[in-house]
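Colleague: how would this look folded up:
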Amino acid sequence: MKFSEVQFQPWHTVMANFYICQTCSVVDSDRDRQKVGSPCKRCGTPSPAARFHFGLNSLVLVNALQDFYFLRRAKPPADKDGLVANVYSNETDTRIVLPVLFCALWDTLTTQLCQNVIRAKSISKEDEEKLLRKFKFARDRRTKLLPSITFEGWDDALSALPDAATHIEHFNFFRH
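Modeller: Model prediction:
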């Protein structure tokens, strides 16, 4: 499914179907994980509470991307008071807003990935904060932080995924 094909529901609803086990860190779409005490299908540990895999910042940014993506083709509503005219004017250049929002989403998702790996490795909250302060930018987190805690480079990790060529192709597109 392509996000651009989802028009009549918020994009975050597609992402909000993924949960993470707080014990073994498996990510799945097991909605039962929302129920306190529901066992993880991988490790069997009862869930203390549901935890979405994607954080609130990611969900908000995805919805903002959706808003500006469809704004490109939007026709202004009748606006006799002129309250929304500036939103549909040339002052809102989606060619600038969309890449900025996408970069913010990339940074947010990279940070979240690092946090999930750090938690899965049972690294203390204090050390997690130190690592995230030391590696402030998404590129540093991808090229330095993740390899230091996973002992695997980004490209090697992408190569291990099913349909690796597609993931590598998409990542190279975003990098350039």
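
Colleague: how much space separates the most centrally placed residue in the chain from Leu59?
Modeller: Nearest to the geometric centre of the chain sits Leu109, at 4.0 Å (Cα atoms, centre = their mean). Going from Leu109 to Leu59 by Cβ to Cβ, to the nearest Å gives 11 Å. Every C-beta, even on glycine, is put in place using the N, C-alpha and C of the backbone.

Colleague: also Thr111?
Modeller: 14 Å.

Colleague: which non-adjacent residue is nearest Phe70?
Modeller: Once flanking residues are discounted, Phe70 sits nearest to Gln7: 6.9 Å by Cβ to Cβ, 6 or more residues apart in numbering.

Colleague: sorry, that was for Phe3
Modeller: Nearest non-adjacent residue to Phe3, counting by Cβ to Cβ, 6+ apart: Trp11, 5.4 Å away.

Colleague: average pLDDT across the lengthiest helix in the chain?
Modeller: Longest helix in the chain by number of residues (criterion: DSSP state H): helix 94-120. Across helix 94-120, the average pLDDT comes to 89.

Colleague: give the buried residues for the helix or strand just after that helix.
Modeller: Downstream of helix 94-120, the next assigned helix or strand under DSSP states H and E is helix 125-134. Neighbour-count burial for helix 125-134 flags Glu128, Leu131 (criterion: 16 or more other Cβ atoms under 10 Å).

Colleague: just stretch 106-113 next, same as before
Modeller: Quick answer for stretch 106-113 (16+ other Cβ under 10 Å): Trp106, Asp107, Thr108, Leu109, Thr110, Thr111.

Colleague: can those go into CSV with extra columns for distance to Ser47?
Modeller: Conversion of those to CSV gives the following (distance: Cβ to Cβ, whole Å):
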residue, distance to Ser47
Trp106, 29
Asp107, 29
Thr108, 24
Leu109, 23
Thr110, 26
Thr111, 24
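
Colleague: for Ser47, list the residues it contacts.
Modeller: Applying Cβ atoms under 8 Å, 6 or more residues apart in numbering to Ser47 gives the contacts Cys21, Gln22, Arg33, Gln34, Lys35, Val36, Gly37, Ser38, Pro39, Cys40.
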